[in-house]
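K.L.:
Got a sequence here, can you build the structure:
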Amino acid sequence: MSSISAGTTTTTGYVVTSDTTGSLVLKTGASDTTAVTINGSQNVTFAGSQTLSGGTANGVTYLNGSKVLTSGSALTFDGTNMAVGTTPTSFGAGYSVLTVQGSTTGFVQASNGTIVTEVGTYSGIGYTGTRSNHSYGFVVNGSEQMRLTSTGLGIGTSSPSEKLHVAGRSRIQSLYLGEIASNYDIVQATSSAGLRLVSSGGSAYLDSSGNLGLGVTPSAWSATWKAFQTTGGSVVGSTSNIRMAQNWYHDGTSRYVATRPASMFVADDGTFAWYTAASGTAGNAISFTQAMTLDASSNLLVGTTTARNRLTVVSGAGSNPPALGTNGGVTFIGGDGVLYGLLTGVSTSGYAWMQAQRVDGTASAYDIVMQSAGGNLLVGATSFADGSNVFRIGGSTISSGSSVTTTRTRLEFNSLGLGTVGSISTNGSATTYSTSSDYRLKNTIAPMAGALAKVALLKPCTYKWNADGSNGEGFIAHELAEVCPDAVVGIKDAVDENGNPIHQGIDTSFLVATVVAALQEQQALIQSLKARLDAANL
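P.N.:
Numbers count the residues shown, from 1 in each chain. Presented below is the predicted three-dimensional model:
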């Protein structure tokens, strides 16, 4: 039939009618129950639950390309959980699950706002918290391994304190950060090349052998060494020592890094040693010389490795005497800025020497020279005038064994501005002791008077020496000082800061003039008495 009028009963028992709104109502005749209502806007209302005879159970319906209502077989929904390509999976009370084909569980929505992406059983990534405060957690086998928060990414911790916070051990097979071409800071790590840090200001390179180069690629160090190497030198360590060296590396043999001299300091089981090497070619073997050693017994050795004393200095043969700085010893600069030196060594003549030397500009002045051959000691001179076993001061010499028979000054004493004020001379058989007495050194010269009275006051005596009980005769210093103070040195009962006595001394040569003057006075008296006796014919 082409149309159905209101109130018409169909052959299948449905009644078509209309309501007061003008809607078309389809009722069942048996129960007079409204089944379908179509209003004026063509909206259809079904009474009760509707069942499609075709389609897929739990399949989500959609309009296909022909705009026909169709239920999908790939996308299903059981009212709580949804699945794509598989059967919906229930995660538990309070959760809604989106399961993707090939995985046990997909996206999970919890009633508390948590969203989880899970692959496999109890493994995945999830959102937790509120919209204003939330984080992402990464779970493996039911245990959280990583969390991304507003602070940073935490690996092994759920509370990262930095942009990247790794708790526990980590291993990176290969890592590149930055841009090499733009000369930015980069970090590069590979299993074969080690670790390289590069910036516009320089680089650091930790090679696969554990050697670190700062500004340079580490040399081919021996496996027994671990080195920190810079452009100028290296600090290296082994099982027994540590070395700080310049222009040196060791690949089983000590070698030059560049073509220039090399040097090295070694600390080895309580011993310190300094090494030097002349200039050599890059890559060639180095022959070091052990220049100085401080051994475990606190002995300092220079030019030798065998201790003779606390300080042992060994130098090669040199000139006689040597120039300052040519043959070892000790050199220092005085407070006046003048260079001084204490030199020791072996002369070209084959004997040992010790020499103190002062250098003022280009001129040299030798202050003390001690020479073992012949037992010579020279002060202010560089050679002795004659003989052997010489002690020489300021151009004068004292010699035993000299064959000289003419009078020669052996020891001379000088005073600043006055010249010679005393000397000791020999003539081959006798010794003369002299003190200055030139009239040009004196003034207000007058005859001595009262000498006989002074002599009468003198107290010559005999005594025994405390040291060995031997006999002596002479004067007591403080008693002589009461009569002839010029003949006495020191003060009676003087002591030093420790209470030790400072003994007085005398020079009896000062009594000669007094005794001579007394004899002259006495002779004058004798002559006067003799004249009187002669006049009296007595």
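
K.L.:
In the record's domain split, what are the boundaries for the protein?
P.N.:
The chain is divided into the following domains under automatic domain parsing: 1-50, 209-312, 388-445, 451-535.

K.L.:
what's the most buried one of the ones you listed?
P.N.:
Using mean count of other C-beta atoms under 10 Å, the stretch among the domains of the chain with the greatest mean number of neighbours is domain 209-312 (a mean of 16). (Glycine included, C-beta is placed from N, CA and C.)

K.L.:
where in the stretch 251-400 of the chain is pLDDT low?
P.N.:
315-400 (pLDDT under 70).

K.L.:
The chain too?
P.N.:
In the predicted model, the chain carries pLDDT under 70 at residues 1-15, 17-22, 28-34, 91, 94, 101-133, 172-194, 198-201, 315-405.

K.L.:
Identify each of the helices in it and give its residue range.
P.N.:
The residue ranges that make up the helices of the chain, judged by DSSP state H, are 451-457, 477-483, 511-535.

K.L.:
Tell me which of those sits nearest to Ala273.
P.N.:
helix 477-483 (59.0 Å; C-beta to C-beta).

K.L.:
now the domains of the chain in TSV, with distance to Met82?
P.N.:
Shown next, in TSV, are the domains of the chain (distance: least, C-beta to C-beta, whole Å):
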stretch	distance to Met82
domain 1-50	20
domain 209-312	55
domain 388-445	117
domain 451-535	107
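
K.L.:
Wait, Trp225 touches Trp248, no?
P.N.:
No - taking C-beta atoms under 8 Å as the contact criterion, Trp225 and Trp248 are not neighbours in contact, 11.0 Å apart.

K.L.:
quick one: contacts for Ser159?
P.N.:
Neighbour list for Ser159: Arg147, Thr149, Thr151 [criterion: C-beta atoms under 8 Å, 6 or more residues apart in numbering].

K.L.:
That one and Gly85, how far apart?
P.N.:
For Ser159, the distance to Gly85 (C-beta to C-beta, to the nearest Å) stands at 38 Å.

K.L.:
With Asp496 instead?
P.N.:
When C-beta to C-beta is the yardstick, Asp496 and Gly85 sit 113 Å from each other.

K.L.:
And for Leu525?
P.N.:
Distance from Leu525 to Gly85, counting by C-beta to C-beta: 158 Å.

K.L.:
Buried ones in stretch 50-69, by neighbour count?
P.N.:
Buried positions in stretch 50-69, judged by neighbour count with 16 or more other C-beta atoms under 10 Å: Asn58, Gly59, Val60.

K.L.:
For these, could you give me TSV that also reports distance to Thr304?
P.N.:
Conversion of the buried residues of stretch 50-69 to TSV gives the following (distance: C-beta to C-beta, whole Å):
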residue	distance to Thr304
Asn58	99
Gly59	100
Val60	98
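
K.L.:
For burial, what's the neighbour tally of the closest residue to Thr149 other than its chain neighbours?
P.N.:
Computed as C-beta to C-beta, 6 or more residues apart in numbering, the closest residue to Thr149 that is not its neighbour in sequence is Ser135, at 4.2 Å. By the criterion of other C-beta atoms under 10 Å, Ser135 has 17 neighbours.

K.L.:
likewise the one 5 residues further on?
P.N.:
By other C-beta under 10 Å, the residues close to Val140 number 13.

K.L.:
quick one: it and Gly92, what's the gap?
P.N.:
Taken as C-beta to C-beta, the spacing of Val140 relative to Gly92 amounts to 20 Å.

K.L.:
ditto for Val313
P.N.:
Per C-beta to C-beta, Val313 is found 89 Å from Gly92.

K.L.:
more crowded one of these two?
P.N.:
The neighbour comparison of Val313 against Gly92 (other C-beta under 10 Å) goes to Val313, with 20 against 8.

K.L.:
Spatially nearest residue to that one, not counting backbone neighbours?
P.N.:
With C-beta to C-beta, 6+ apart as the criterion, Val313 has its nearest non-adjacent residue at 4.5 Å, and that residue is Val302.

K.L.:
Need the helices of the chain in JSON lines (columns: distance to Val100).
P.N.:
Listed next are the helices of the chain as JSON lines, based on distance: least, C-beta to C-beta, whole Å:
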{"stretch": "helix 451-457", "distance to Val100": "137"}
{"stretch": "helix 477-483", "distance to Val100": "123"}
{"stretch": "helix 511-535", "distance to Val100": "132"}
